[in-house]
Structure formats: C-alpha cells, structure tokens
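>>> Sequence plus predicted model, see below.
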Amino acid sequence: MESYYAVIFSSKRSNVGQKGYDAMSEKMVKLAKQQPGFIDVESARDERGFGITVSYWESLEAIKQWKEHAVHKAAQEKGKEVWYDHYTTRICKIEREYSFKK
C-alpha cells in the first residue's frame, strides 16, 4: 500500500452525561466506513475514560470530507458540550508500515 493518513483522536471522557455516547460512537464508525477514502479504524479506552481512536484514510481530502459530514459535525458538537473533558486530533501521513502476526 502506498502512503496514507491516520487521524489520531485522543480524548478524556467527562464524568457526566454519557447517555447516548456508545450509540453515537457505533453510528460514527458505521458512517465512517461508508465514506469514500476510508480504510479502517482502531479504538481503545481505559477504565479512567482516556481513549484513543485512530482512523485511516486514503487522502487529506477524504479526511476533510469526513470532518465536514453533517452527522459527524453534530456528533462533534455533542462531544464538546457533553461527552468529553478534552480531546486532541492529530493527522499524520503514514509513509511505511510493518507488522507481525502469529
């Protein structure tokens, strides 16, 4: 695979107002998978509410289109208002990858 991009979303969930978060998270993954340029997504969260989600995309344009998607924008606003204490989004170009699998 040629180079591609990773969007790294690290977040700390708030201690209040988590109702609807899991359903919205599932909805966002399902919707992202339907977007042109989407490759894959990985996510993990610890018991204290810190999480990292990494989504992989073919291009910066695909990332921009996803960021501007109306349903995704609504989820972003709900996250700022209720679900997160803070978050950081980083966009990186993946030049090379390798892995091990037993």
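Done, it's in.

>>> quick one: low-confidence parts of this protein?
Along the chain, segments meeting pLDDT under 70 span 1, 17.

>>> need the helices for it, in chain order.
All helices of the chain, identified by DSSP state H, fall at 21-33, 60-68, 70-78.

>>> I'd like to know which of those is closest to Glu47.
Ranking those by proximity to Glu47 (C-beta to C-beta) places helix 21-33 first, at 15.4 Å. (Glycine included, C-beta is placed from N, CA and C.)

>>> Can you give me the distance of the closest residue to Val41 other than its chain neighbours to Tyr98?
Ranked by C-beta to C-beta, 6 or more residues apart in numbering and with sequence neighbours excluded, the top spatial neighbour of Val41 is Ser55, at 4.5 Å. For Ser55, the distance to Tyr98 equals 20 Å [C-beta to C-beta, to the nearest Å].

>>> For those two, indicate the residue with more neighbours.
Counted by other C-beta atoms under 10 Å, Ser55 and Tyr98 do not tie: Ser55 has more neighbours, with 23 against 4.

>>> gap between that one and Asn15?
For Ser55, the distance to Asn15 - C-beta to C-beta - is 26 Å.

>>> ok, now Arg48?
For Arg48 relative to Asn15 (C-beta to C-beta), the value is 10 Å.

>>> Likewise for Ala6?
Counting by C-beta to C-beta, the gap from Ala6 to Asn15 is 29 Å.
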